[in-house]
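In: Sequence below, structure please.
(chains A and B)
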Amino acid sequence: MLRFLTRRTLGAAVTLVIIAAITFFLFFAIPSDPARLACGKVCPPELLEQARHNLGLDQPLFAQFTAWLTGIFAGRDYGGLGYCPAPCLGYSFVNQAPVFETILDRLPVTISLTIGAAAVFLVFGVATGIIAALNQGRPLDKIASVSSLIGFSLQIYFVGTLALYFLVYKNQILARPQYLPFTEDPLAWASGLALPWVVLSIIFTANYTRMTRSTMVEQLGEDYVRTARAKGMKGRSVVMRFALRGTLTTVVTIFGVDLGALIGGAIITETTFGLQGLGRLSINAVTDSDLPVLMATVLVAAGAIIVFNIVVDALYAFIDPRVRLS
Amino acid sequence: MSTPFLSVRDLTVDFHTEDGVVHAVDGLSFDVEKGTTLGIVGESGSGKSVTNLAVLGLHNPETAKISGEIRLDGEELIGASRSTMERLRGNKVAMIFQDPLTSLSPYHTIGRQIGEVFRRHTGASRAASRDRAIEMLTRVGIPQPKVRVDDYPHQFSGGMRQRAMIAMALVCDPDLLIADEPTTALDVTVQAQILDLLRDLQEQTGTAIIMITHDLGVVAGTAHEVLVMYAGRAVERGTVREVLREPRHPYTWGLLTSMPRLSAPVDVPLLPVRGTPPSLVNVPPGCPFHPRCDYTDLAGPELCRSERPELSPHRGHGDACYLTLAQKREIVR
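Out: So this is what the prediction gives:
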């Protein structure tokens, strides 16, 4: 297991460097001048030249990339513009702050949104899927199929806006969506995020229902599930111990991918509910041509997906002994 | 003679599908006595497995319509409650399946899978069930059972998996063991070992066995009585000696001539049964075998095509064919 983790971590590091390089060179193809942004609205040519030098933009492209890479470990001084301590992912001149600080500031919002929504869609999606599979072809199964199809076709900005209008502004049933740190007041944290969690969950729940149902139906037809019944195991234990075990593998795989993607920023949900998470940050970075922030958000998103992939692979070994022992 | 241990009467299993009603088993009757082995022989789709899954009550009640009588030790199983069936399965009636790799759960150790049957039916502790699992692995000839008990099925060889399957089936000393093609997925050398093992275990425990197979060699080596099935019906029944030495039904003849023999000259070609098994949605009227039979002219083509022959005589060596006994003897010679 240790060897597996070391190998995967090294692989992940290489992948991240490659992703960083691609985004770095890609963004330099964009016709925008970071020095002009850093310098401000009224900017005489000497000052612009100075800013360009402080940012290292007068260096060759490759040297700029290595400077950026070493900055992550050693920190970087941007001349008169500011100092960026390690780990330095760059300095945003739109926010006038090191990028890493901004990311740290926004990450809890996105993580809170993700964790809450994931808990909701995992529990409801998988449970509905199991119930549907066990009642295959009966009314309960059909209700589950139809509602998951509807849920799957809905869009967050549509449901979210309707929910905001009817549940928050018109009838005041739910609190206005906002982020309050969990450490300060867990109750306010939960009530502030309740609506985004539910709305974000709708589409995912539908997806998990469909996936769990189809995998479960397949599992229930497996020979070893029949053997379990032939052994006289009670109906419930056949389902929980045998059929569900095989279903878990599929669920865990998809869940890992989804979680990674969500940590990268639920752009539409955050925008709909005005939450200042990573998704909003990356969108703002695009509109402001804030290259350092944009690069950092891409890296965080990529890193999240890579980390969760490793976690999923490690979990496989836990779930399936055939993986563990080979 | 007392009532037989397992008695099946007029068993009919229909499956309702989109293509129509599949008559998988149609009016089947047979008995199995304790300590004996009944071999059920037939092609794929002849209803062998469906019959035995019905004995265990493993068909989906929503798609399978089962009627007739299945009495196990005097207890009626058709229409029995779910809890009754769950109590019987693995305890009084156990089953061994064809492919031990897919039939064992890949997620649990061999020991756990054997032990849980014991635990379920006797209420024994976890530790006692584990000891019992080790004891059973020893009985079926797994080397180093104390170590192998914690292995997973994929760490076992094919033959060992089937031994583990047998250990799992016999852990509660069942009175009836149903073996559904237990050797089909195994190497020939391993096949003989598994059959020997089943025979030894039967001698020790007096279990009744139903051996489902398409291999007459397996029947010859293990069974006391034989039931030949075709299109969901019994076409011949008798002791192994009677059926293999003096087969009476044209289908049984076909099965025997299509089987290679070591004693036969090398240049004698094998004769397959001509044609294909009938669709079970549209079973031919009359004798279901008549479209493939070479002797309908002799027996009376009208009769073969219109009226369904019944097994006769009712006891002992019987077959469902309109040929007279004298005609059959003449043909076999």
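In: Only C-alpha atoms from now on, for both contacts and neighbour counts.
Out: Noted.
In: Could you report the neighbour count for B:Val243?
Out: 23 (other CA atoms under 10 Å in any protein chain shown).
In: Kindly provide the distance from it to B:Thr122.
Out: Plainly put, B:Val243 is 41 Å away from B:Thr122 if you go by CA to CA, to the nearest Å.
In: Same question for B:His314.
Out: 40 Å.
In: same question, A:Ile115
Out: On the measure of CA to CA, A:Ile115 and B:Thr122 end up 44 Å apart.
In: Up against chain A, what does the stretch 151-300 of chain B have?
Out: B:152, B:154, B:169 (CA under 8 Å from any CA of the partner chain).
In: how about the strands of the chain, start to end?
Out: In the absence of a named chain, chain A is used. Secondary structure of chain A (DSSP state E): strands located at A:76-77, A:83-84, A:91-92, A:97-98.
In: if you could check chain B rather than the one you did, that'd help
Out: Secondary structure of chain B (DSSP E): strands at B:6-17, B:20-32, B:37-41, B:64-72, B:75-76, B:93-96, B:176-180, B:208-213, B:225-230, B:233-239, B:318-319.
In: Can you pull out the residues in contact with the fourth one?
Out: This means strand B:64-72. B:5-16, B:27, B:54-55, B:76-78 (CA atoms under 8 Å, 6 or more residues apart in numbering or on different chains).
In: How confident is the prediction for residue 300, by pLDDT?
Out: I'll assume chain A. A:Val300 is assigned a pLDDT of 90 by the prediction.
In: meant chain B actually
Out: For B:Gly300, pLDDT reads 85.
In: Then B:Gly90?
Out: Reported pLDDT for B:Gly90: 92.
In: mind listing what the nearest residue to A:Gly260 once chain neighbours are set aside touches?
Out: Of all residues not flanking A:Gly260 in the chain, A:Ile305 sits nearest, at 4.1 Å (CA to CA, 6 or more residues apart in numbering or on different chains). Contact analysis of A:Ile305 by CA under 8 Å, 6+ apart lists A:256-257, A:259-261, A:264.
In: who wins for neighbours among these?
Out: A:Gly264 leads the contacts of A:Ile305 on contacts (other CA under 10 Å) with 26 neighbours.
In: didn't that one look like it was pressed against A:Phe308?
Out: No - with contact defined as CA atoms under 8 Å, A:Gly264 does not count as touching A:Phe308 (11.4 Å).
In: Which residue is the nearest non-sequential neighbour of B:Glu86?
Out: Closest to B:Glu86 by CA to CA, 6+ apart is A:Gly232, at 4.3 Å.
In: Could you pull up the residues touching that neighbour?
Out: Counting by CA under 8 Å, 6+ apart, A:Gly232 makes contact with B:85-91, B:117, B:120.
In: Widest-spaced pair of these?
Out: In terms of CA to CA, the contacts of A:Gly232 reach their longest pairwise distance at B:Met85 and B:Val117, which sit 14.2 Å apart.
In: Helices of the stretch 201-326 of chain A, start to end?
Out: A:223-230, A:235-237, A:244-263, A:267-273, A:278-287, A:291-319, A:321-324 (DSSP state H, counting those that start in this stretch).
In: The residue most central in space within chain B and B:Asn91: what is the separation?
Out: Chain B has B:Ile212 as the residue nearest its centroid, 2.3 Å off, counting by CA atoms, centre = their mean. Counting by CA to CA, the separation of B:Ile212 from B:Asn91 is 20 Å.
In: Likewise for A:Ala194?
Out: Taking CA to CA, one finds A:Ala194 at 51 Å from B:Asn91.
In: Give me the more crowded residue out of those two.
Out: Higher neighbour count among A:Ala194 and B:Asn91: B:Asn91, with 25 against 19, using other CA under 10 Å.
In: And A:Ala194, how far from chain B?
Out: According to CA to the nearest CA, to the nearest Å, A:Ala194 and chain B sit 37 Å apart.
In: Now do the buried residues in stretch A:66-74.
Out: A:67-72 (16 or more other CA atoms under 10 Å in any protein chain shown).
In: Among those residues, find me the one that's closest to A:Pro292.
Out: For the buried residues of stretch A:66-74, the minimum distance to A:Pro292 (CA to CA) is 9.7 Å, reached by A:Trp68.
In: which residues touch the closest one?
Out: A:88-90.
In: now, which of those sits nearest chain B?
Out: Checking these against chain B by CA to the nearest CA gives A:Leu89 as the nearest, at 44.4 Å.
In: tally of neighbours for that closest one?
Out: Count around A:Leu89 with other CA under 10 Å applied: 27.
In: Counting neighbours, what do you get for residue 247?
Out: Chain wasn't specified; assuming chain A. Other residues within reach of A:Thr247, judged by other CA under 10 Å, total 22.
In: Chain B was what I was after
Out: 24.
In: Setting aside sequence-adjacent positions, which residue approaches it most closely?
Out: That would be B:Trp253: by CA to CA, 6+ apart, it lies 6.4 Å from B:Pro247.
In: quick one: that neighbour from B:Arg274, how far?
Out: 12 Å.
In: Quick check: phi and psi on the residue nearest to B:Glu86?
Out: A:Gly232 adopts backbone torsions of phi 90, psi 10, taken as degrees, to the nearest 10.
In: Per-residue pLDDT of it, please?
Out: For A:Gly232, pLDDT reads 91.
In: again with B:Ala220
Out: 90.
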